[in-house]
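*Asks:* sequence first, then the predicted structure:
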Amino acid sequence: MPFRLTGYFLKKALEHLLVNPFLSLVTLSTITISLVIFGLFGLVYLGVHQLLNRWGDEFSVTVYLQDTVSQSDIEKMRSELARWPEVDGVTYTSKAQAMAWFRSQLQAYAGILDGLKENPLPASLDLKLRPGKAGPGTMDQLVSRLQQRPGVAEVHYGQRWLARLRVFMEMVRLVGMTVGGLLLLATVLVVSNTVKLTFYARQAELEIMRLVGATDVFIKAPFLIEGLLHGLGGAALAAGTLMLLSHLFLSRLHIPLRLALAPDAIVSPLLVAAFLGMGVLVGLLGSVFSLRRFLRP
Amino acid sequence: MIQIYHVFKAYTGDQYALSDVTLEVEKGDFLFLIGPSGAGKSTLLKLIFCAEEATRGQILVDGVNLQRLRRSRIPSLRRKIGVVFQDFKLLGDRTVFANVALALEVLGHPRSYIDKKVRQVLRLVGLEGKERHLSRRLSGGEQQRVAIARAVAADPLLVLADEPTGNLDEEITMDILELFREINRRGTTVVVATHNRDLIERVPGAKVAMLRQGMLVASGARDVLTLPLAADAG
């Protein structure tokens, strides 16, 4: 397409937007609001995902050992576990060390432990995991492998907490996809309606254009660009709003949580580009729907 | 330029707007298509510029068989044809210049060419100096001149005019007719559909085709006018 035609189509599309500025504004606002809601779900999802990854890295898994396990077996197990690819380091806590720690925690009430005939606390191995190896899937596998080992009494890690977070994340994903999908569909229909109204407003001009030999492409292009501009404008406004909202929200969080959320990784240029792309797609789809229905010969 | 062979057109069922019309228009002809209202004049013009499709028969325009013409090729045919209507079909909220320029913009011409060409055709139709006027502010005669300028801006081979003077008074009608003669003298084939037989007298050398109730009852040089006029009324 020659450059001057692109310029001509763009000029026509801008004229279309000004045919009914109020309607254009309403369309732009609708796209913005829909995309902001969709984006909020996305950001919450990404944030929780990020937290799971980051905090997961810091999890240590505690393997409690049966009292019957000999010191040499413990040493063997310790050095073997230290070789596992997902394990960064293994610390051994003997029964005596566990009791000493417990005693120190009880402080003034430590005396209540004096009546114990034997130390009930088990020896344990604390596994520090390598970064990135504490994802939901790998954690489950690791724990089940540990539980199957002889001499292991119990394996502890932040299971419940992780499971809840995962359920929450899944919920956000499902609700986000459903609500977001419906909102995007509604947005496509709004754009389609706006383009349709522009089409009605310019029907006389289109009739004359056909009469003097305008091709279908020539007639349709400004309408497609009109939808595209609506989508792009709405997406840009929505991206700006989301960046502002996430900044305001994050600035109120405690620093460790803020760092764990890694806002730069969430509102990344790639995500903004994807968002703009979604806006363009929504706009174009809206135009295409309307053109298919209303520009038939 | 135009060959029409046994053309029928029915809009609904067996009610024919045109019945077995056969007609030939040669390059450079000035043809009056006459007949009373409802005779099928507008329908015939619509078939020629592909606004309607013939129910039966063949129409060739500049060697192109319209019955075989793909929809996507219609724009290229229309670029060879300028059309003028009784109601002008102008964009009232646009300037005279913009109305005429539209015909060249859709062809993708550069701005400099469009500027030059629009001024040239506006000079031809006597509307120099009115480029910036809104078309709805012009008189009926001037609006029809703008419509004619738009029709000839792209140098078509053929100009079709459907009752172009229907809304104009006698004096202006003659001016408009003179304009069509000028366009014809420059080599463009002109077909004017009208119910006003007086126009025929004003164009020496014009050919006439007479339609009545969808049928071609006479065609040829002006001598067809010997047919009883009263039969055309109503």
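*Replies:* In hand now; what should we look at?

*Asks:* can you map out the strands along the chain?
*Replies:* No chain specified, so I'll use chain A. A:60-65, A:87-93, A:124-129, A:152-156 (DSSP state E).

*Asks:* sorry, I should have been clearer: chain B.
*Replies:* B:2-12, B:15-25, B:30-34, B:56-61, B:64-65, B:81-85, B:158-162, B:189-194, B:207-212, B:215-221.

*Asks:* residues near B:Leu157, how many?
*Replies:* 16 (other C-beta atoms under 10 Å in any protein chain shown). Where C-beta positions appear, they are placed from N, C-alpha and C, glycine not excepted.

*Asks:* so what angle separates the directions of whichever helix in chain B runs longest and strand B:158-162?
*Replies:* Secondary structure of chain B per DSSP state H: the longest helix is helix B:170-185. Between the axes of helix B:170-185 and strand B:158-162, defined by axes from the mean of the first three to the mean of the last three C-alpha atoms, to 10 degrees, the angle is 160 degrees.

*Asks:* mean confidence for helix B:170-185?
*Replies:* Per-region confidence: helix B:170-185 scores 88 on mean pLDDT.

*Asks:* kindly report the same for stretch A:107-125.
*Replies:* Stretch A:107-125 comes out at a mean pLDDT of 82.

*Asks:* show residues contacting it.
*Replies:* A:62-67, A:69, A:74, A:77-78, A:81, A:90-96, A:98-99, A:102-104, A:106, A:153-154 (C-beta atoms under 8 Å, 6 or more residues apart in numbering or on different chains).

*Asks:* drop anything exposed from these.
*Replies:* A:62-65, A:69, A:74, A:77, A:81, A:90, A:93-95, A:98 (16 or more other C-beta atoms under 10 Å in any protein chain shown).

*Asks:* which among the residues you listed gets closest to A:Gln203?
*Replies:* Of all those, A:Thr62 has the smallest distance to A:Gln203: 74.2 Å, by C-beta to C-beta.

*Asks:* who are the neighbours in contact with residue 67?
*Replies:* Here I'm looking at chain A. A:Lys95, A:Pro122, A:Ala123.

*Asks:* other chain: chain B
*Replies:* Applying C-beta under 8 Å, 6+ apart, the residues contacting B:Gln67 are B:Glu53, B:Ala54, B:Gly57, B:Gln58, B:Ile59.

*Asks:* among these, name the buried ones.
*Replies:* B:Ala54, B:Gly57, B:Ile59.

*Asks:* chain A is nearest to which of the strands of chain B?
*Replies:* For chain A, the closest of these is strand B:81-85, at 5.7 Å, according to C-beta to the nearest C-beta.

*Asks:* the closest one near chain A anywhere?
*Replies:* Yes. Interface with chain A: strand B:81-85 contributes B:Gly82, B:Val83 (C-beta under 8 Å from any C-beta of the partner chain).

*Asks:* B:Met215 is in contact with B:Ser19, isn't it?
*Replies:* Yes. Using C-beta atoms under 8 Å, B:Met215 is in contact with B:Ser19, at 5.0 Å.

*Asks:* now do the contacts for the residue lying closest to B:Ala154 once chain neighbours are set aside.
*Replies:* Excluding the flanking residues, the one nearest B:Ala154 by C-beta to C-beta, 6 or more residues apart in numbering or on different chains is B:Ala103, at 5.4 Å. B:Ala103 is in contact with A:Val212, A:Gly213, B:Gly82, B:Arg150, B:Ala151, B:Ala153, B:Ala154, counting by C-beta under 8 Å, 6+ apart.

*Asks:* tell me the confidence at the second one?
*Replies:* We have a pLDDT of 88 for A:Gly213.

*Asks:* list, one by one, the residues from the stretch 101-250 of chain A near chain B.
*Replies:* Checking the stretch 101-250 of chain A against chain B by C-beta under 8 Å from any C-beta, the hits are A:204-205, A:207-216, A:218.

*Asks:* columns distance to B:Val208 on top of those, output as TSV?
*Replies:* Formatted as TSV, those follow (distance: C-beta to C-beta, whole Å):
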residue	distance to B:Val208
A:Ala204	33
A:Glu205	35
A:Glu207	30
A:Ile208	29
A:Met209	33
A:Arg210	30
A:Leu211	26
A:Val212	28
A:Gly213	29
A:Ala214	33
A:Thr215	36
A:Asp216	37
A:Phe218	37
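
*Asks:* and the buried ones among the contacts of B:Gln67, which is closest to A:Ser246?
*Replies:* B:Ala54 (64.5 Å).

*Asks:* show me the contacts for the closest residue to that closest one other than its chain neighbours.
*Replies:* The shortest distance from B:Ala54 to any non-neighbouring residue, by C-beta to C-beta, 6+ apart, is to B:Val7 (4.9 Å). Each residue near B:Val7 by C-beta under 8 Å, 6+ apart is listed here: B:Leu18, B:Asp20, B:Val21, B:Thr22, B:Leu44, B:Leu47, B:Ala54, B:Arg56, B:Gly57, B:Gln58, B:Ile59.

*Asks:* the same query, at a cut-off of 7 Å, please.
*Replies:* B:Leu18, B:Val21, B:Leu47, B:Ala54, B:Arg56, B:Gly57, B:Ile59 (C-beta atoms under 7 Å, 6 or more residues apart in numbering or on different chains).
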